[in-house]
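1. show me how the following folds:
(one chain, ligands or ions: 3)
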Amino acid sequence: MAAFLRLCALVILVFSLVATSISADLNANYYKKTCPKALSTIKTVVEKAVAKEKRMGASLLRLHFHDCFVNGCDASVLLDDSSSIDSEKNAFPNINSARGFNVVDEIKSAVDKACGRPVVSCADILAVAARDSVVALGGKSWNVRLGRRDSRTANRTRANTNLPSPFLDLPGLLTSFKNHGLNEKDLVALSGGHTIGFSQCGNFKNRIYNESTIDPNFARTRQATCPRTGGDTRLAPFDATGNKFDTDYFKELVKRRGLLHSDQALFVNGASTKDLVKKYSGDRALFFADFGKSMIKMGNITPLTGKNGEIRKNCRKVNSG
Ligand code: HEM
Ligand SMILES: *[C@@H]1O[C@H](CO)[C@@H](O)[C@H](O)[C@H]1NC(C)=O
Ligand SMILES: *[C@@H]1O[C@H](CO)[C@@H](O)[C@H](O)[C@H]1NC(C)=O
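-> Ligands and ions are numbered 1, 2, ... in the order given. You can find the predicted model right below:
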């Protein structure tokens, strides 16, 4: 038994050393010398964009997630179609859905101007914009780790397979997150990103017309703007406060008012995820703290660092040459 415990301790030690060496590639002070104005410049543009349209905060948060789950956080999601790029923007989870690309362009030109040259990667812009968006809508800040570089490739096929579907049950969601080094707690905390933003009717109509794990009053309310046939692009907020980063998303799940099948699965499919949902629904400080920790973990997914990749001049295109 003692030998077994020692072995366990050794395994844990080795794993944590490996984990630290991966995330140690990124650090919060990365641009301190090369562009001290980088972070404040990004924040200014994000705040302006969110003031103009609150939903933009949600859209920017989602872009970072959709970047990190496909080839790591390397801004692959931002590349437009070209002769060498099969754009991830055309993958099913993104097409007619992912948005905020113009704001990213705006941030990029403001940052390059403030720095005097292109030193800040598009991948880091996504990570910082996600954090600034959450803060602009009422969430708590975290220290974004920086130093990611931008890819010279994209993979539409992988965007189709790696981004989780809203029709998944808990096991599928857990597998998807585990494939990216994220655990059950990360899944529940990060799903809390759905405390802001909107979904199109086509993604939840089966749930509101066919499922039994739903509050019937909530189903009726949603049916009023999401018809049985047609109207697939009509929007509904994930929770009643779609422009506020708060714990309402989890409160709704407890009442069986989750919008997506995958949202409600966290509460009805598993005992420990259910416990976490309940905890977060009543403990804002805990949710905010765990969300920040899990965002840092998500932001550490296989970044390009050192001499790998490049710093794009235009987030939509790889540099020429
Ligand atoms: C757990 C698996 C997840 C699934 C199945 C999922 C699925 C979806 C779907 C279907 C939409 C609506 C898209 C549309 O109708 O156009 C959406 C929106 C959104 N997702 Fe997720 N998502 C997941 C996890 C996450 C994570 C981890 C984050 C961020 C931390 C996130 C942030 C968002 C945000 C903010 C929106 C609203 C975007 C907007 O209004 O523009 N999601 N998600
Ligand atoms: C894209 O990803 C798929 C699935 O992982 C892989 O088979 C394919 O080779 C990749 N394509 C490119 C262009 O990297
Ligand atoms: C409800 O389920 C039936 C049977 O699976 C399916 O044919 C129908 O399209 C579903 N309704 C909606 C609105 O998704």
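2. how about the strands in the protein?
-> 198-200, 235-237 (DSSP state E).
3. kindly reformat these as JSON lines containing mean neighbour count.
-> Where C-beta positions appear, they are placed from N, C-alpha and C, glycine not excepted. Conversion of the strands of the chain to JSON lines gives the following (neighbours: other CB atoms under 10 Å):
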{"stretch": "strand 198-200", "mean neighbour count": "17"}
{"stretch": "strand 235-237", "mean neighbour count": "17"}
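4. adding mean pLDDT and distance to ligand 3, write the ones you listed out as TSV.
-> Shown next, in TSV, are the strands of the chain (pLDDT from 0 to 100; distance: least, CB to the nearest ligand atom, whole Å):
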stretch	mean pLDDT	distance to ligand 3
strand 198-200	98	14
strand 235-237	98	14
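5. how about those strands, which one is nearest ligand 1?
-> The closest of the strands of the chain to ligand 1 is strand 198-200. By CB to the nearest ligand atom, the value is 3.4 Å.
6. what packs against the closest one?
-> When contacts are defined as 3 or more CB pairs under 8 Å, 6 or more residues apart in numbering; DSSP states H and E, strand 198-200 packs onto strand 235-237.
7. from ligand 1, how far out is the residue nearest to residue 249 when sequence neighbours are not counted?
-> Of all residues beyond its chain neighbours, the one nearest residue 249 is residue 195 (3.9 Å), with distances taken as CB to CB, 6 or more residues apart in numbering. Computed as CB to the nearest ligand atom, to the nearest Å, the residue 195 to ligand 1 distance reads 8 Å.
8. got it, and residue 283?
-> 19 Å.
9. ok, residue 132 next?
-> 14 Å.
10. what's the local residue count around that residue?
-> Each residue near residue 132 was counted by other CB atoms under 10 Å, and the total is 25.
11. just residue 260 next, same as before
-> Using other CB under 10 Å, residue 260 has 18 neighbouring residues.
12. what does this structure have sitting close to ligand 2?
-> Proximity of the chain to ligand 2 is confined to 153, 155, 157, 158 under the rule CB under 6 Å from any ligand atom.
13. check contacts around the closest residue to the last one other than its chain neighbours.
-> Ranked by CB to CB, 6+ apart and with sequence neighbours excluded, the top spatial neighbour of residue 158 is residue 70, at 5.3 Å. Residues in contact with residue 70 (CB atoms under 8 Å, 6 or more residues apart in numbering) are 76, 77, 88, 154, 155, 158, 159, 162, 163.
14. list the contacts for the residue of the stretch 1-150 of the chain found nearest ligand 2?
-> Using CB to the nearest ligand atom, the single residue of the stretch 1-150 of the chain nearest to ligand 2 is residue 86, 6.7 Å away. Taking CB under 8 Å, 6+ apart, we find residue 86 in contact with 154, 155, 156, 157.
15. one step back: just checking, the residue nearest to residue 249 touches residue 251?
-> No: using CB atoms under 8 Å, residue 195 is not in contact with residue 251; the gap is 9.7 Å.
16. looking at the two, which has the bigger crowd around it?
-> Taking neighbours as other CB under 10 Å, residue 195 and residue 251 compare with residue 195 leading, 30 against 19.
17. name the helix or strand of the chain that has the lowest mean pLDDT.
-> helix 2-23 (a mean of 47; mean pLDDT, DSSP states H and E).
18. now residue 127: how far from residue 235?
-> The gap separating residue 127 from residue 235 is 26 Å, by CB to CB, to the nearest Å.
19. surely residue 208 touches residue 223?
-> Yes: with contact defined as CB under 8 Å, residue 208 counts as touching residue 223 (5.5 Å).
20. so which of these two has more stuff around it?
-> Remark: of residue 208 and residue 223, residue 208 carries more neighbours, 21 against 14, as counted by other CB under 10 Å.
21. list the contacts for residue 308?
-> By CB under 8 Å, 6+ apart, the contact list for residue 308 reads residue 149.
22. just residue 196 next, same as before
-> With CB under 8 Å, 6+ apart, residue 196 has these contacts: 57, 58, 61, 133, 134, 137, 238, 242, 243, 244, 245.
23. let's go with 10 Å and repeat that
-> Contacts for residue 196 (CB atoms under 10 Å, 6 or more residues apart in numbering) come out as 54-55, 57-59, 61-62, 133-134, 136-139, 237-239, 241-246, 248-249.
24. inside helices: which ones of those?
-> Counting by DSSP state H, those place 55, 57, 58, 59, 61, 62, 133, 134, 136, 248, 249 in helices.
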